[in-house]
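> Structure for the following, please:
(2 chains)
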Protein chains: 2
Amino acid sequence: MTDALFEQHKNTLNEALKAIKSREFYSAYPEVPSGKIYGQDAKADGQKAFENRLNKDFSLNQPGTVGDVGAERSPYGFALNVKYPKVDVDVLFGAMNEAMASWRDAGIAVRTGICLEILKRLNERSFELGFSVMHTSGQGFVMAFQAGGPHAQDRGLEAVAYAYRAMRETDDKTLWVKPQGKHQPLSVEKTYRVAPKGLSLAIGCATFPTWNSYPGIFASLMCGNPVVVKPHPNAILPLAITVEVAQQVLREQGFAPHLVALLADEPEQPIAQTVALRDEVKLIDFTGSNAFGTWLEQNARQARVYSEKAGVNAIVIDSCDNLKAVVNNLVFSLCLYSGQMCTTPQNLFIPQSGITTADGHVSFDDVAKALAEGIEKFLSDPARAAEVLGCIQSPDTLARIERARALGEVVLDSKAYGNEVFEQAKVYSPILIKADAQNEQVWMQEQFGPIAFLIATQDTAHSLALAKMATQSKGAITWGVYSTDEAVLSQAENAALDACVALSCNLTQGLFVNQSAAFSDFHGTGGNPAASASLTDGAFIAGRFSMVQSRRHSQ
Amino acid sequence: MTDALFEQHKNTLNEALKAIKSREFYSAYPEVPSGKIYGQDAKADGQKAFENRLNKDFSLNQPGTVGDVGAERSPYGFALNVKYPKVDVDVLFGAMNEAMASWRDAGIAVRTGICLEILKRLNERSFELGFSVMHTSGQGFVMAFQAGGPHAQDRGLEAVAYAYRAMRETDDKTLWVKPQGKHQPLSVEKTYRVAPKGLSLAIGCATFPTWNSYPGIFASLMCGNPVVVKPHPNAILPLAITVEVAQQVLREQGFAPHLVALLADEPEQPIAQTVALRDEVKLIDFTGSNAFGTWLEQNARQARVYSEKAGVNAIVIDSCDNLKAVVNNLVFSLCLYSGQMCTTPQNLFIPQSGITTADGHVSFDDVAKALAEGIEKFLSDPARAAEVLGCIQSPDTLARIERARALGEVVLDSKAYGNEVFEQAKVYSPILIKADAQNEQVWMQEQFGPIAFLIATQDTAHSLALAKMATQSKGAITWGVYSTDEAVLSQAENAALDACVALSCNLTQGLFVNQSAAFSDFHGTGGNPAASASLTDGAFIAGRFSMVQSRRHSQ
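Numbering: from 1, shown residues only, chains lettered A, B, ... in the order given. As a prediction, the model looks like this:
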């Protein structure tokens, strides 16, 4: 147990620390799945590694194994048939709690070095992780590689930097000398140590198993808490690989490998609800449905809950220079991963009288038509369609598309697309529906998946008012606004501030409203019902440790 | 609305920022109630100002007044008969929420300057505040001046510094430039703004009305939240003066004075429970009983609750050089304000076989006797007894002393003392009781007031195990340990870390276990049931604001 890993990775940490303050571009892990960066054979090796996982037992270094469990199916149409340890929770949690003191006492630098080494090794496994994310979430490969690999690792590093900064806000010792008038000053030695809160439970989601889980996992681990990872039952593999890597590094460094452990389950026998209420669990990170997130917040009272749920994201179109550029940008956001992102726009508010563009006035219906045609054109290249849309992760989402057809006038219907490699992949394009502004029970419900509403409003002020009302009551993670009028942009900024939601203005180039970059973009604010936490801010870290002091008179 | 106040007080802020990291001694507001510092007539003027408050209406600058309310009695034996605005909560909260946007939009520097100016003016009112705290809490004057005046102001400044640092952790704008290989880099302007959470409710206590409330009040105000102050019904005056000062500064600076407002009530018609559940209330700071604190945490689900409740503080005596010095130190802690501090020791664990001292072995009974005699001797000077003991704040505490006599063998009984100035003051010395280690239902209940248990244990390891068990299940804010053995001190430090409680080792000089200095000592850890928050750490601030961003392509 030395600081060697800390020294080795210090530059990465320092760069990350600079970036979380300056919010300038930074990435520690290259996002391009290129052989030049990751090695000539990296992709082929990663694919092989993934395939070698299939139809096998996935063994881990943790106590309390009492059988096996796992029933993942690739949304591309086959069973993974990987079997993970089935856990006796009493045994595992007992062992994890026993291991906590040595992890705590190792100190900030040792824990930081180990977390950074885990991230480095995860980065080396990015292709294997990419294929695993692809075949659990249904993302296209490039997206799965990026979001599941380097982008997730960057989010993990960001949490490491935030945790490091938070723990270092207090010096670890001081000499406190209080003047006493004519008397000798009072001289006291004080030490300050980080005390973890206890067992941390990370509940993963099916669509972004690593990206949404790494912040909580690394934040908790950094602060001295053992972490039990409970993946979504259909997206276990990427997190099992993550746990395997963490356990390897921990063991090499002389710690109990089960300071990070896997708790897998199957859709038919979910265990999150039972586990989340256990006394040992002091921290919970959750990404998933509003229903379960709210249940956790209401019921897991022994724990602090950091939740990222869902919301009704909004686009407000007021005016623009180049409608085509606006449409192209929005089309990509609507199509990417078939809208199965918590950042995908759902409600597009457009004045019923239409909008002003540099090429003249465009009616509401013509904006709608431009969007519909834009989607069809963008998806006309089948390879691009398959790669960008990925496939539908859950049968629930397919059912939601089906039901959506009855919710209003269908401007563009969802269509099934093929995938040349995986014949059984369920690939569907977005459905666009006209919704009445008054019909709140339609558009104020989250419709997770490739479902978007075009909502005619009285004017842009009305659009902003509706977006704000929906966000304050149902939550949102992203807003986009298009306007050539600075006054309107400023109104949008104030409305977004009232609603505590991240705003993107006039995106027409290579940046998209549903993208959120580590070290610069806050994902969720914790200020509206979509999320009780933000990835990553100070509040995401602060509850994960206490400062405990000891003092004595100085001799 | 300018940054003038910020510039004016910048040095104070910078000193405070340095101190909260280095934990070195710092105090912005002199604790000595001296005419040389505060002005020749400051004490007489302060007393006059206090007396001028009595038997009058206390008017404030806030909407929604519908009558008057107030039934405070000085524990020194007279009715204050001050009448405060009785509030229509709908009207007041509506107006406070309306004022929030301008306070938010003023920005960090303006809010900081105003908070620092409020603290400066409160400092100038320290004598008036001292008399007000004395005649609501029952503290002796010097303690009331210090704890209610400068020490409370230091705790307020500490919260200002923590909030300032937390909000400044993110730059307010950036240019994010992402390389795109052979293409033009993607260039995005981003801005980040602080969004308040909403109305903040500060629920004060009767014993330290200002000291325990200032951290939450200033932390919330700094982060842009309007603050409604709900004092304990018997300790309104010190917080009413505080609100008055805050309102004056806010109005002078062009803000709605009711960004800080008073919500007073009477013991017969308490309103905290109703108000705490209102939707507008997003933050609650609470100091008081475990019962109400836990009720708030369980029921005020729309708010984030920062609570400081109570616990069973422990002293572990293992061995010492100079028993007399140990006794003198403990006697002062047991007597100060008749043990009505959440930091007063309750349980003194001593090996049944006695302890080793530099003067030889001392039996358990002789340690008990030394403590009893020490208390009697210390209180034998009537003026000192009256000043140090203050008086009993609540009839509940008197009843608790009465009941305590039946809880075990009384080693030293509580005695009534006189107060030469206030004949009706209820002045009582501590009661010392032998409690059986097995008799947990006795000593594991908090006995707020001048009640301490001497508990014979098998050995020091047993003492530490009992202290840890009690703290983990019932909470504690302070531990003290006495040992000449570094190995024992180290065991105590580890046990305190496990129990998340602040430890004081071998205090024999002018530092006492129940004292906690702003900028250096954390009061509460948030890691055991005594408190969900720490005064002050990052977690105390983090939940009071969100960061909200806006981004657009750079031209």
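> Tell me what the closest residue to residue A:352 other than its chain neighbours is bridged to.
Beyond its immediate neighbours in the sequence, the residue positioned closest to residue A:352 (Cβ to Cβ, 6 or more residues apart in numbering or on different chains) is residue A:456, lying 3.8 Å away. C-beta: built from backbone N, CA, C; applies to glycine. Taking DSSP bridges, one obtains residue A:350, residue A:436 as the residues bridged to residue A:456.
> Spell out which residues of the stretch 351-500 of chain A are next to chain B.
A:489, A:493, A:494, A:496, A:497, A:498, A:500 (Cβ under 8 Å from any Cβ of the partner chain).
> now the helices for the stretch 251-400 of chain A?
Ranges of helices within the stretch 251-400 of chain A are A:272-276, A:290-299, A:323-335, A:364-378, A:382-389, A:395-404, based on DSSP state H, counting those that start in this stretch.
> what's the second one packed up against?
What it means is helix A:290-299. On a contact count with 3 or more Cβ pairs under 8 Å, 6 or more residues apart in numbering or on different chains; DSSP states H and E, helix A:290-299 meets helix A:272-276, strand A:281-287, strand A:304-308.
> The shortest one too?
In terms of contacts (3+ Cβ pairs under 8 Å, 6+ apart), helix A:272-276 is packed against strand A:199-203, strand A:227-230, helix A:290-299.
> ok, 7 Å please
In terms of contacts (3 or more Cβ pairs under 7 Å, 6 or more residues apart in numbering or on different chains; DSSP states H and E), helix A:272-276 is packed against strand A:199-203.
> Same question for the fourth one.
Applying 3+ Cβ pairs under 7 Å, 6+ apart, one finds that helix A:364-378 makes contact with helix A:323-335, strand A:409-412, strand A:431-436.
> In a helix, residue A:144, correct?
Yes: Residue A:144: assigned to a helix according to DSSP: H, G, I helix; E, B strand; the rest coil.
> how near is it to chain B?
For residue A:144, the distance to chain B (Cβ to the nearest Cβ, to the nearest Å) stands at 20 Å.
> Now do that residue against residue A:285, distance only.
For residue A:144, the distance to residue A:285 (Cβ to Cβ, to the nearest Å) stands at 21 Å.
> Neighbour count: those two, which is higher?
Using other Cβ atoms under 10 Å in any protein chain shown, the more surrounded residue of residue A:144 and residue A:285 is residue A:285, with 29 against 26.
> Would you mind naming the residues that bridge with the more buried one?
Applying DSSP bridges to residue A:285, the residues it is bridged with are residue A:202, residue A:306.
> That one reaches residue A:306, doesn't it?
Yes: with contact taken as Cβ atoms under 7 Å, residue A:285 and residue A:306 are classed as touching, separated by 4.9 Å.
> just to revisit the earlier point, need the winner for burial among the helices of the stretch 251-400 of chain A.
Each of the helices of the stretch 251-400 of chain A was scored by mean neighbour count; the highest is helix A:323-335, a mean of 21, by mean count of other Cβ atoms under 10 Å in any protein chain shown.
> now that helix against helix A:382-389, angle please.
Interaxial angle, helix A:323-335 versus helix A:382-389 (axes from the mean of the first three to the mean of the last three Cα atoms, to 10 degrees): 70 degrees.
> tell me which element residue A:67 falls in.
Secondary structure from DSSP states H and E places residue A:67 in strand A:65-69.
> partners of that strand in the sheet?
For strand A:65-69, sheet partners with direction are given as strand A:84-87 (antiparallel), following DSSP bridges.
> Taking their axis directions, the helix or strand following the strand it pairs with and strand A:199-203 sit at what angle?
Tracing the chain past strand A:84-87, the next element assigned as helix or strand by DSSP H and E is helix A:89-124. Using the same axes, to 10 degrees, the inter-axis angle of helix A:89-124 relative to strand A:199-203 is 60 degrees.
> For helix A:89-124, list every residue counted as buried.
Neighbour counts using 16 or more other Cβ atoms under 10 Å in any protein chain shown place A:89, A:92-93, A:95-96, A:99-100, A:103-104, A:106-124 of helix A:89-124 among the buried residues.
> what pLDDT does the closest residue to chain B within the stretch 151-300 of chain A get?
Ranked by Cβ to the nearest Cβ, the top residue of the stretch 151-300 of chain A for proximity to chain B is residue A:174, at 4.0 Å. With respect to pLDDT, residue A:174 scores 98.
> So it belongs to a strand, correct?
Yes: residue assignment for residue A:174, taken from three-state DSSP, places it within a strand.
> So it sits against residue A:188, correct?
No: proximity of residue A:174 to residue A:188 does not meet the contact threshold set by Cβ under 7 Å, at 8.7 Å.
> Does residue A:228 have any beta-bridge partners, and if so which?
Applying DSSP bridges to residue A:228 gives these bridge partners: residue A:201, residue A:261.
> Now do the contacts for the closest residue in space to residue A:411 that isn't next to it in sequence.
Among residues not flanking residue A:411 along the chain, residue A:432 sits closest, at 4.1 Å (Cβ to Cβ, 6+ apart). Neighbouring residues of residue A:432 by Cβ atoms under 7 Å, 6 or more residues apart in numbering or on different chains: A:368, A:371, A:372, A:411, A:412, A:452, A:454.
> hmm, try it at 6 Å
Contact analysis of residue A:432 by Cβ atoms under 6 Å, 6 or more residues apart in numbering or on different chains lists A:372, A:411, A:412, A:452.
> What is the neighbour count of residue A:358?
Other residues within reach of residue A:358, judged by other Cβ under 10 Å, total 10.
> Could you measure from it over to chain B?
According to Cβ to the nearest Cβ, residue A:358 and chain B sit 16 Å apart.
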